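Chemist: below: sequence and its predicted model.
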Amino acid sequence: MERIMGLDVGSKTVGIAISDPLNLTAQGHSVLRWRSYAECLDQLAWLIQQFQITTIVVGLPKNMNNTIGSQGMAAQKFAERLRRRTDLPVILWDERLTTQAAQKLLQEQGLDSRKQRGVVDMVAATFILEGYLASRKEVQIN
């Protein structure tokens with residue numbers, strides 16, 4: 001059994017989601033605040049070991065016209081550093097509109113924007129991982 005980790009990477013935080021051992025669902029785990037790549041990668045490596053993660057899915061923010069902007073390039077750089085640090089497969093996954101979907105969900109749950117800041121990245125990471133898990137199911141069915 002493998003577990004998969006989903007990440008929503010920002011300039012100061014990383015939202016983290018982890019699959020169940022059967023890869024049926026994604027659960028939000030936490031939001032990691034970071035100041036340096038080394039610090040962040042060390043903390044992620046610890047979580048990867050604790051949960052026996054075998055694959056990592058990193059959200060790739062694309063522009064609506066499918067181009068990669070500065071945030072997308074930063075996510076690619078982060079993913080490459082994470083791959084080198086962990087020696088695990090790191091998959092870049094289109095994350096367009098996940099943050100907006102997370103904000104909408106949290107707003108519907110009654111959380112105002114101040115309270116959303118602490119969890120919106122984790123919810124976005126959950127959406128990223130759910131999308132990836134769903135795509136794997138579709139491939140297996142067909």
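Modeler: That came through fine.

Chemist: for the rest of this, base every contact and every neighbour count on C-alpha atoms.
Modeler: Fine.

Chemist: my read: residue 68 touches residue 74, true?
Modeler: No - contact criterion Cα atoms under 8 Å: residue 68 and residue 74 do not qualify, at 9.8 Å.

Chemist: so what's residue 41 up against?
Modeler: Applying Cα atoms under 8 Å, 6 or more residues apart in numbering, we find residue 41 in contact with 82, 85.

Chemist: so it versus residue 20, what's the distance?
Modeler: Counting by Cα to Cα, to the nearest Å, the separation of residue 41 from residue 20 is 22 Å.

Chemist: one more: residue 59?
Modeler: Distance, residue 59 to residue 20, by Cα to Cα: 19 Å.

Chemist: ok, the two, which is more surrounded?
Modeler: A direct count of neighbours by other Cα atoms under 10 Å for residue 59 and residue 20 places residue 59 higher, at 29 against 16.

Chemist: A strand includes that one, no?
Modeler: Yes - assignment of residue 59 by DSSP: H, G, I helix; E, B strand; the rest coil places it within a strand.

Chemist: please name the bridge partners of it.
Modeler: residue 93 (DSSP bridges).

Chemist: which residues are in contact with it?
Modeler: Residues in contact with residue 59 (Cα under 8 Å, 6+ apart) are 6, 7, 8, 9, 75, 92, 93, 94, 95, 125, 128.
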